[in-house]
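> sharing a model that was predicted from the sequence below.
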2 protein chains.
Amino acid sequence: MFNQTMQHLGEERSVIRELFEYGNQRKQQIGADNVFDFSIGNPSVPTPDFVQAEIKRLVDTMPPEVLHGYTSAAGAPEVRRAVSDYIQSTFGVPMSANHVYMTCGAAASLTITISALCEEGDEFIVIAPFFPEYRVFVEGAGGTLIVVPSDAHFHLDFEALKAAIGKHTKAVILNSPNNPTGAVLTAEELKQLGALLDQKSLEKGEPIFLIADEPYRELTYGAEVPCPMNFYHETIVCYSFSKSLSLAGERIGYIALSPFCCRADDLFAAVAGAGRKLGYVCAPALFQRVCAASLGKVSDVEEYRKNRDLLYEALTSYGYECVPPEGAFYLFVKALEEDAVAFSERAKKHELLLVPSDSFGVKGYVRISYCVSRSVIERSLPAFLALYREYR
Amino acid sequence: MFNQTMQHLGEERSVIRELFEYGNQRKQQIGADNVFDFSIGNPSVPTPDFVQAEIKRLVDTMPPEVLHGYTSAAGAPEVRRAVSDYIQSTFGVPMSANHVYMTCGAAASLTITISALCEEGDEFIVIAPFFPEYRVFVEGAGGTLIVVPSDAHFHLDFEALKAAIGKHTKAVILNSPNNPTGAVLTAEELKQLGALLDQKSLEKGEPIFLIADEPYRELTYGAEVPCPMNFYHETIVCYSFSKSLSLAGERIGYIALSPFCCRADDLFAAVAGAGRKLGYVCAPALFQRVCAASLGKVSDVEEYRKNRDLLYEALTSYGYECVPPEGAFYLFVKALEEDAVAFSERAKKHELLLVPSDSFGVKGYVRISYCVSRSVIERSLPAFLALYREYR
């Protein structure tokens, strides 16, 4: 009668959303202050004042039918130029505005890129733990998701990668800074990965692409985030302003093709074609311009750092095990029993909402989103301690 | 190396875009005032002041991390409720907020709806002349487009429809007020269509859906636009605020499922699943709220009416043949030779940019978008007259 796969996809809410909805109900039952909701990655730091001011300035100064009218499918020319200039000056990549395609956020960047690349029988490699929607996007485009584990510190496991990349591999999807671990890949790792992909591309007889999903690029606590375009030619950067400018609901980001991509112009046409097929006429026009004016600026990351430090110090002092996150706004903490789902259920009894790691492709951890107000963290600490004591 | 179908889709610009780009080049060569560009359907009437004021009011009054944060995938609850209340009070349909899904504009409404419905072997019927992207959307979802002609006045040809609907028909796509003809379907037609679809659904053994693509709903010049939900149960309305509020670049619209749809909740889940697969996380958050506050309001349609009257009167007085448009902002004019492409080329010599009808699925017409400034129309009239004299 209609598409059952779509129905299931719509019914099966992600584990994260499920927990988030449970939290909302629970808050109504026992009061918002008594529930410690660490389920969702919605930026808690307010959208910066300069963004708010820019919105109003544009409304006051630009002719409205231009400001709110269609842009080219790839974005307003001056916006694409601003993005390519920014990439060029920041990372030293000789970027062209012709290879920048403005999108409705990170998810659109990914579905468009995957759809542009995917041919029958193609495999897309992700590194576990990984953002669960990658599976939906890859399978939705007709590809197969191949999960490769990371090493003990959530960095690249080259032996595992080497074994997984084969003649069906179309692309490797990287996410650094990482959701859910906060790991940031080093220049040395990217160099080694570039060499591996060069070799594997040669064996395959055509390029294997690197898709760099970078919504957390600016959210780091000292770690440098090297630009993958500088380490591998066949790189496609999928960016979003959702987290850096606290604009998650406005759906604005971009796809940037490395100027060194083989047949970059043809690949760009495929990106445009995929955007057209999926119904993305253009990225939201007002926010294209707001973001072009805000390139390189970022909302108050210090707030997230304070949250991270407070939570990390407290939890490890209680005895929890956790690799210190270098970026993003998540702690990936070892569950106190083997079954992370059972552990998450037990945490609920303490009104702690922690996402079990299973849907991220690994077992035995929980993800704690610390993009919440400071007071939630402060008030949650006794609950974390009590939970720990229940086990040890 | 990557997907060739997508590459071709990206390279093969639509005829409309091609002409539009030609116009931009030509304007640089001979001055903008000397080119009469009737190619594109970008609203020329400014976005209303109440929309601009509402944007600023929301920025000034709502907490920014809420205003610009994620909403639920289907939209902010209060926005969905406002839309369903509006549909209920305007059309008398007992609409539920649970069946409203906010989207990134009309194209997203359509790709999501078609993807939610489409199963292997499915056919989607469109009435020629039709918006050319329907083909991209239907084929992109794996369906087959079936083109059915309209009658001499661009209204429904029931004999042709009856013959085309069969056991593979998943849905009929209607577009009223119509792009490119400006025709508005009457209540009597919708009633007859509803009866036909009821009968054909019975024969098929499952519902055939009616997809009502309604971006021009409010752009009419006296004609009433009946709500198809009142004439057929299995109706899915795809709406956009692009034209009614001159917000084409902001990508905001909705899908509304008739409350009488069989298994409406399951169908809604399929819509949500399709949105998820295609990468639509939520509709742009600020404009969800702006549009909720502007329901039932519309930009200055009188401006379009004046354009229509001026152009229609002049062209028919010269001898051009044209059915008077009842809505939207296009004139569909008979070409002065059999080959509309050749006619469009000849019009170019007079600096008139008119879209040949071939890509709309009929031969021998041109589409004239009169969403342009009055002065463009006034200055173009001698060129239209000279073009006519060249033929007759």
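It's in.
> going forward, measure contacts between C-alpha atoms and count neighbours the same way
Fine.
> in chain A, where is pLDDT below threshold?
For chain A, applying pLDDT under 70 flags no range at all.
> can you give me the helices in it?
For chain A, applying DSSP state H gives helices covering A:4-11, A:15-30, A:49-61, A:64-67, A:77-91, A:106-117, A:133-140, A:158-164, A:187-204, A:264-278, A:285-292, A:301-318, A:340-349, A:374-391.
> and the ones you listed, which is most packed in?
Across the helices of chain A, averaging neighbours per residue (mean count of other C-alpha atoms under 10 Å in any protein chain shown) puts helix A:106-117 on top, at a mean of 27.
> so does that helix get close to chain B?
Yes: Helix A:106-117 lies within reach of chain B by C-alpha under 8 Å from any C-alpha of the partner chain, at A:107-108, A:110-111, A:115-117.
> returning to what we had before: TSV for the helices of chain A, including distance to B:Val341?
Converted to TSV, the helices of chain A look like this (distance: least, C-alpha to C-alpha, whole Å):
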stretch	distance to B:Val341
helix A:4-11	41
helix A:15-30	52
helix A:49-61	40
helix A:64-67	30
helix A:77-91	29
helix A:106-117	31
helix A:133-140	38
helix A:158-164	53
helix A:187-204	45
helix A:264-278	24
helix A:285-292	32
helix A:301-318	57
helix A:340-349	64
helix A:374-391	65
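> out of the ones you listed, nearest to B:Glu378?
Ranking these by their distance to B:Glu378 (criterion: C-alpha to C-alpha) puts helix A:64-67 first, at 20.8 Å.
> packing partners of that closest one?
Helices and strands touching helix A:64-67, by 3 or more C-alpha pairs under 8 Å, 6 or more residues apart in numbering or on different chains; DSSP states H and E: there are none.
> I would like the residues contacting that helix, please.
The list of residues contacting helix A:64-67 from outside it, by C-alpha atoms under 8 Å, 6 or more residues apart in numbering or on different chains, reads A:58-59, A:285-286, B:43-47, B:246-247, B:249.
> so what's A:Tyr101 up against?
Shown in contact with A:Tyr101 (C-alpha under 8 Å, 6+ apart): A:73-75, A:80, A:254-256, A:271-272.
> which one of these is nearest to chain B?
Using C-alpha to the nearest C-alpha, A:Ala272 is the member of the contacts of A:Tyr101 that lies nearest chain B, at 4.8 Å.
> excluding chain neighbours, give the residue nearest to the closest one in space.
Using C-alpha to C-alpha, 6 or more residues apart in numbering or on different chains and skipping residues adjacent in sequence, the residue nearest A:Ala272 is B:Gly10, 4.8 Å away.
> what's the neighbour count on the residue lying closest to A:Pro215 once chain neighbours are set aside?
Leaving aside its chain neighbours, A:Pro215 sits nearest to A:Ser240 (4.9 Å; criterion: C-alpha to C-alpha, 6+ apart). Neighbour count of A:Ser240, defined by other C-alpha atoms under 10 Å in any protein chain shown: 28.
> hmm, stretch A:282-294 touching chain B?
Yes: for stretch A:282-294, a contact with chain B is found by C-alpha under 8 Å from any C-alpha, at A:282-286.
> kindly format the C-alpha coordinates of that stretch as PDB.
The C-alpha coordinates for stretch A:282-294 follow below in PDB (Å, rounded to 0.1, in the frame of the first residue of the first chain):
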ATOM      1  CA  CYS A 282      18.800  25.300  -2.500                       C
ATOM      2  CA  ALA A 283      20.100  25.800   1.100                       C
ATOM      3  CA  PRO A 284      18.100  28.200   3.300                       C
ATOM      4  CA  ALA A 285      18.900  31.600   1.700                       C
ATOM      5  CA  LEU A 286      19.000  33.900   4.800                       C
ATOM      6  CA  PHE A 287      21.200  31.500   6.800                       C
ATOM      7  CA  GLN A 288      23.500  31.000   3.800                       C
ATOM      8  CA  ARG A 289      24.300  34.700   4.100                       C
ATOM      9  CA  VAL A 290      24.400  34.700   7.900                       C
ATOM     10  CA  CYS A 291      26.900  31.800   7.900                       C
ATOM     11  CA  ALA A 292      29.100  33.400   5.200                       C
ATOM     12  CA  ALA A 293      29.400  36.400   7.500                       C
ATOM     13  CA  SER A 294      30.300  34.200  10.500                       C
END
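> which residues sit in contact with the residue nearest to A:Pro215?
Contacts of A:Ser240 by C-alpha under 8 Å, 6+ apart are A:105-106, A:214-215, A:251-254.
> could you redo the last one with a cut-off of 6 Å?
A:105-106, A:215, A:253 (C-alpha atoms under 6 Å, 6 or more residues apart in numbering or on different chains).
> hang on, A:Pro325 packs against A:Pro180?
No: using C-alpha atoms under 6 Å, A:Pro325 is not in contact with A:Pro180, being 9.3 Å away.
> name the residue in those two with the higher neighbour count.
Per other C-alpha under 10 Å, whichever of A:Pro325 and A:Pro180 has more neighbours is A:Pro180, with 28 against 24.
> that's all I had, so thanks and see you.
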